[in-house]
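model the structure of this input:
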Amino acid sequence: MARLDWRHYSAIALLTFLIFLPGRMTLPPLDRDEPRYMEASAQMLETGNFIDVKFLDQKRYLQPAGIYWLEAEAEAIFGGPSARHVAWPYRIPSLIAVTSAVTLTAWLGSLLFGAMTGLLAAAFLAVSTLMTAEGRMATIDTVLLFDILLVQGALLKTYLSAQQGRVAPFKWALLFWLALGCGLMLKGPVVLIPSFGTIGALWLCERRREWWRGLRFKCGWLIALAVVLPWCIAIGFVSHGAFFRDAVEVNFLGKIGQGQQAHGLPMGYHLAVFLLAFWPGSFFAVLALPQIWARRHEMAVRYLLCWIIPHWLVFEIIATKLPHYVLPTYPAIAILASAGIMAWAPAVPRHLVGRWLTRLYGALWLIVGLALAVSGGVLIWRDQHFVHPLLIFGSVLACVTLGASGVALLQARRRVAAIWAVLSAVLIHLGLFLIVIPKLSTIQLAPHAAALFKAHRICGDQTTLLSPSYSEPSLAFLVGTQTKLFGVSAAATYMAWRPQCTLVLIDVKAEGRFKAVLGDQQEDLELLGRVSGLNYSNGHKLDLGLWRLKAAP
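Numbering: from 1, shown residues only. Okay, here's the model as predicted:
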């Protein structure tokens with residue numbers, strides 16, 4: 001099979017869709033980024049303001065409004081007012097994006113190395129740990145990845161046309177600049193790193209730029225500008241320039257010099273977490289390194305390295321680091337890892353140290369896989385002291401398939417090993433999202449607290465919830481804009497000032513200070529109910545009580 005056709009791509013898309021569908025309705029809002037996106041999108045629909053993005057009463061000037069438009073539209077089509085606090089409609093853009101990104105990876109791999117490489121690359125990307133998590137959440141990362149793959153696809157077609165001595169058709173330049181404009185609407189200048197990083201790296205390697213003519217630079221930038229400029233003018237006018245100051249100076253440039261939100265980490269972080277983040281493809285990528293080095297001057301390998309290295313280096317250098325920052329490089333890595341299995345003759349490191357380091361990495365890879373396979377059963381047991389038979393069966397099957405992959409690796413049968421590893425990952429993820437997460441009560445703290453509040457709303461939709469001890473965005477999304485994330489003293493003061501329609505959700509450890517601020521009014525406090533669980537964002541165990549003043553009618 002030299003090339004994939006529309007039937008193969010349709011099958012890849014359908015299979016990816018089915019793999020990522022489980023868990024979307026059962027996953028609670030995952031703190032902290034996801035509920036911020038969802039709540040801001042919901043407020044867009046409620047207020048009709050699609051320019052100025054807000055989370056509760058706070059300006060959300062982190063990136064342009066593109067992702068919020070997509071999620072608001074998905075909520076309007078699939079949700080509606082009755083599903084305003086339901087998470088799954090907001091996750092539809094990420095489902096479409098992850099399906100499209102995996103399919104595009106198969107297309108790119110097929111263009112460069114043939115059909116089988118494209119298929120395996122799509123599989124490696126689809127079952128990777130990071131993609132499995134990001135593809136189920138209503139965040140920006142998989143949508144941005146899809147957009148970057150459109151940019152890279154147009155760039156690759158332009159580059160390949162130049163290799164054949166002709167200028168690429170205009171449609172690829174149009175796609176490049178349209179996707180670039182959409183990327184600017186999603187994440188601002190971040191999209192320029194993989195796009196122009198690839199172009200710049202290719203120029204440094206080849207010292208030629210004739211193929212740039214296919215991108216139509218003279219008029220192309222106007223296309224990108226036409227996509228992003230209207231909103232930029234509108235938000236500049238509405239915010240009096242505050243958006244550009246916060247988004248560029250604080251959020252974008254601020255991440256370079258110092259770690260934001262406790263995410264400052266040293267160089268090498270992304271390399272260290274790659275073992276888990278790209279599992280199970282991570283070890284196969286390491287196995288392909290000798291082949292990649294030997295073929296580094298070949299056109300296809302050079303292009304993929306020029307895609308990976310600039311982006312990776314930028315996000316290793318900046319102070320703020322999160323695993324998903326290098327997600328746009330994973331399709332290229334998946335293609336190279338797959339080419340090492342499907343397109344090239346096997347190779348091993350020449351030096352003894354390299355061979356032993358590869359074996360050590362393989363041992364760690366196997367340990368990580370086994371840990372993932374048994375983690376679901378362990379979590380259920382620790383949470384509920386219950387053994388789920390189907391989950392145990394799935395875990396055992398995942399361990400068996402992972403063991404078969406390890407045996408095949410020892411026998412130097414990399415293709416067989418890759419297939420077994422992908423199957424093991426699918427089994428692990430299905431168990432996690434179909435059985436484990438829906439049954440974990442410890443991560444259901446926000447849904448339980450929201451349900452308790454809704455059962456005791458004394459003024460209907462006008463009831464205000466003050467939550468000084470549990471200030472996670474998931475609670476704000478599930479309750480709505482009537483949530484106020486005050487501190488303990490401010491919550492007590494607000495309740496004393498407006499007792500009729502105010503409820504306070506507070507941890508047992510902070511109740512003494514809360515009552516002290518209320519003073520004599522504490523005698524009128526009434527406990528309406530309690531919920532307890534784990535705030536998995538910071539690891540704190542909470543015992544939350546919902547209080548009102550009895551004097552309030």
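
any idea how far whichever helix or strand residue 397 is part of is from the middle of the chain?
Under the criterion of DSSP states H and E, residue 397 resides in helix 389-410. Distance of helix 389-410 from its chain centroid, counting by CA atoms, centre = their mean, to the nearest Å, is 27 Å.

what residues does that helix touch?
Identification of contacts with helix 389-410 by CB atoms under 8 Å, 6 or more residues apart in numbering yields 280, 283, 362, 366, 369-370, 372-374, 376-377, 380, 414, 416-418, 420-421, 423-424, 427-428, 430-431, 435-436. Quick note: C-beta positions are derived from backbone N, CA and C, even for glycine.

switch the cut-off to 6 Å
366, 369, 373-374, 376-377, 416-417, 420-421, 423-424, 427-428, 431, 435 (CB atoms under 6 Å, 6 or more residues apart in numbering).

quick one: buried residues of it?
Buried residues in helix 389-410, counted by 16 or more other CB atoms under 10 Å: 391, 394-395, 397-399, 401-406, 408-409.

can you add pLDDT and distance to residue 61 and give the residues you listed back as a markdown table?
Shown next, in a markdown table, are those (pLDDT from 0 to 100; distance: CB to CB, whole Å):
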| residue | pLDDT | distance to residue 61 |
| --- | --- | --- |
| 391 | 88 | 43 |
| 394 | 91 | 44 |
| 395 | 93 | 44 |
| 397 | 96 | 48 |
| 398 | 96 | 43 |
| 399 | 96 | 47 |
| 401 | 97 | 47 |
| 402 | 96 | 45 |
| 403 | 96 | 50 |
| 404 | 97 | 51 |
| 405 | 97 | 46 |
| 406 | 96 | 49 |
| 408 | 96 | 51 |
| 409 | 95 | 49 |
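
mind putting those in CSV, distance to residue 243 included?
Listed next are the buried residues of helix 389-410 as CSV, based on distance: CB to CB, whole Å:
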residue, distance to residue 243
391, 47
394, 47
395, 48
397, 51
398, 47
399, 50
401, 49
402, 48
403, 53
404, 53
405, 49
406, 52
408, 53
409, 51
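
quick revisit: now for the contacts of helix 389-410: which two are most distant?
Farthest pair in those (CB to CB) is 416 and 435. Separation: 28.3 Å.

for the closest residue to residue 475 other than its chain neighbours, list the residues it contacts.
Closest residue in space to residue 475, ignoring its immediate chain neighbours: residue 446 at 4.7 Å, by CB to CB, 6 or more residues apart in numbering. Residues in contact with residue 446, defined by CB under 6 Å, 6+ apart, are 474, 475, 478.

would you map the helices across the stretch 201-350 of the chain?
Applying DSSP state H, counting those that start in this stretch to the stretch 201-350 of the chain gives helices spanning 217-239, 242-244, 254-257, 269-277, 281-287, 289-294, 299-317, 330-342.

if you average pLDDT per helix and strand, which one of this protein comes out bottom?
helix 254-257 (a mean of 58; mean pLDDT, DSSP states H and E).

give me the low-pLDDT residue ranges for the stretch 151-300 of the chain?
The model of the stretch 151-300 of the chain has pLDDT under 70 over residues 249-264.

one step back: pick the one among the contacts of residue 446 closest to residue 194.
Taking CB to CB as the measure, residue 194 sits nearest to residue 474 out of the contacts of residue 446, at 30.7 Å.

what helix or strand does that closest one sit in?
Going by DSSP H and E, residue 474 is in helix 473-479.

domains for this protein, by residue range?
The chain resolves into domains spanning 6-342, 352-441, 444-549 when parsed by automatic domain parsing.

now do the end-to-end distance for the first one.
Looking back up the chat, that one is domain 6-342. The separation between the terminal residues of domain 6-342, taken as CA to CA, to the nearest Å, is 21 Å.

chain center to it, what's the gap?
Taking CA atoms, centre = their mean, one finds domain 6-342 lying 10 Å from the centre of the chain it belongs to.

on that earlier part again, can you list the residues that contact the helix holding residue 474?
29, 31-32, 35-36, 38-39, 56, 85, 446, 449-450, 453, 465, 467, 483.

kindly recompute the last result at 8 Å.
Under CB under 8 Å, 6+ apart, the answer for helix 473-479 is 28-36, 38-39, 42, 55-56, 85, 87, 446-447, 449-450, 453-454, 465, 467, 483, 485, 505.
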